[in-house]
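Novice: Fold the following for me, if possible:
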Amino acid sequence: MAPWRQFAITLLGAAAILLTGFVALAYVIDPYDTGRSSLFTKPGVRPQGPRTANASRGRDQAFNAVIVGNSHIQLLAPDRLKHLTGLNFVQLATPASGAKEHLKLIDWFLRHRKEAPKAVVVSIDDFWCRSDPELPNDKPFPFWLYSANPLEYVRGLVRFDVLEEVSQRIDYLFRAASERARPDGYWDYEPEYIGLGYTTDPGIRRRLDQKPYADAVRYDHDPKNAERRFPAVARLRELAVTLPEETALLLVMPPVYGNALPPPGTEQAFLLHACKAAAQAVQRDHTRTAVVDWLVDRPEIHVSDLFFDTSHYRQPIAKAIEADIAAALRRLP
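Specialist: Numbers count the residues shown, from 1 in each chain. Just a heads-up that it's a prediction; the model follows:
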């Protein structure tokens, strides 16, 4: 048995050395440009999804303002907002993400500012109006990549996709003509949606005609007498207290198509009203806070040509929201 025991010990030792060596290499190469290693200073990352690319964008000192959310705020364009406000926005919207991810991205952006940011724009959608204090996320997200804990980051490096990314990072670092992901993070999904038939396919267009609240029970008052709790908004209030006084906090409630807006008197409408009230209360914790509420019944949400589906609007509405953000900034003290 002694030779087998010696072989097992040798094998385990070799594996440990190889794993340690890989983690050390990954840390030094810094595959997602987190800034944790200063050995290589080439800015940006290769083209990749926002879940990982935002680590590089979020620490870029070229930007003094940030947009955080999911595809419900993804169409807001940094270039247009700069024209309206004079601020340099980075778009950190991450499709299919929720409040837990958004809070982590805000924290990452704030921790990497050498100067106080001018504005933080946060999309407050239905993910923020849930009651689960754990803030469960529907899709995988690399929380380890944005962690303030160095050990959590190092543990996160032990995964196969990091192994693949290390080699591509090396190619990006040492090839002069390597392509860089868009620094401001903007991605206009309109062409992709159009290509998938969202503007022409009758079956897809008929989805807008559905009325999810047609059979909803109506009440004269809120059927839930107990105070409603929104843990994500509560955490946002805690964050707002820590913001520099000069930083503007803009809470944007993106629109939904008319049929998807809860009718007055329904349980869903009472829930939405309570969530909005909680978001409005953030203004008590940070003076330079404003709410840009598009989650209301207004003419635009009944125009089907302005929507791809019930929660994804098109460029004309995006531009109108941008104008409202600029106006809200001008009104702040």
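Novice: Every contact and neighbour count from this point should use C-alpha atoms.
Specialist: Fine.
Novice: For residue 257, give me its contacts.
Specialist: 208, 301, 302, 304, 307, 309, 310, 311, 313 (CA atoms under 8 Å, 6 or more residues apart in numbering).
Novice: Now that we have those, which of them are buried?
Specialist: Buried members of those, counted by 16 or more other CA atoms under 10 Å: 208, 301, 304, 307, 309, 310, 311, 313.
Novice: neighbours of the nearest residue to residue 316 once chain neighbours are set aside, just the number please.
Specialist: Leaving aside its chain neighbours, residue 316 sits nearest to residue 306 (7.1 Å; criterion: CA to CA, 6 or more residues apart in numbering). Per other CA atoms under 10 Å, the neighbour tally for residue 306 reads 18.
Novice: Same check on residue 139?
Specialist: 9.
Novice: what's the answer for the one 4 residues further on, then?
Specialist: Other residues near residue 143 come to 17 when the count uses other CA under 10 Å.
Novice: what's the answer for residue 102, then?
Specialist: 24.
Novice: One more: the one 3 residues further on?
Specialist: Neighbour count of residue 105, defined by other CA under 10 Å: 26.
Novice: Same question for residue 136.
Specialist: Residues lying near residue 136 (other CA under 10 Å) number 13.
Novice: And the closest residue to it other than its chain neighbours, how close does it get to residue 194?
Specialist: Spatial nearest neighbour of residue 136, chain neighbours left out: residue 100 (7.3 Å); criterion: CA to CA, 6+ apart. To residue 194, residue 100 is 30 Å away according to CA to CA, to the nearest Å.
Novice: Okay, strands next: where are they in the stretch 151-300 of the chain?
Specialist: 248-253, 289-293 (DSSP state E, counting those that start in this stretch).
Novice: Show me what the shortest one pairs with in its sheet, parallel or antiparallel.
Specialist: Paired with strand 289-293 in the same sheet, following DSSP bridges, are strand 248-253 (parallel).
Novice: Using PDB, list the CA coordinates for the strand it pairs with.
Specialist: Extracted as PDB, the C-alpha positions of strand 248-253 are listed here (Å, rounded to 0.1, in the frame of the first residue of the first chain):
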ATOM      1  CA  ALA A 248     -27.200  63.200  -7.600                       C
ATOM      2  CA  LEU A 249     -29.300  60.000  -7.200                       C
ATOM      3  CA  LEU A 250     -31.900  59.500  -9.900                       C
ATOM      4  CA  LEU A 251     -34.400  56.700  -9.400                       C
ATOM      5  CA  VAL A 252     -36.000  55.900 -12.800                       C
ATOM      6  CA  MET A 253     -39.200  53.800 -12.900                       C
END
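Novice: outside of it, which residues touch it?
Specialist: Contacts for strand 248-253 (CA under 8 Å, 6+ apart): 118-125, 240, 279, 286, 288-295, 325, 328-329, 332.
Novice: sorry, back to before: JSON lines please, covering the contacts of residue 257 and showing pLDDT and secondary structure.
Specialist: Listed next are those as JSON lines, based on pLDDT from 0 to 100; DSSP: H, G, I helix; E, B strand; the rest coil:
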{"residue": "208", "pLDDT": "96", "secondary structure": "helix"}
{"residue": "301", "pLDDT": "98", "secondary structure": "helix"}
{"residue": "302", "pLDDT": "97", "secondary structure": "helix"}
{"residue": "304", "pLDDT": "97", "secondary structure": "helix"}
{"residue": "307", "pLDDT": "98", "secondary structure": "strand"}
{"residue": "309", "pLDDT": "97", "secondary structure": "coil"}
{"residue": "310", "pLDDT": "97", "secondary structure": "coil"}
{"residue": "311", "pLDDT": "96", "secondary structure": "coil"}
{"residue": "313", "pLDDT": "98", "secondary structure": "strand"}
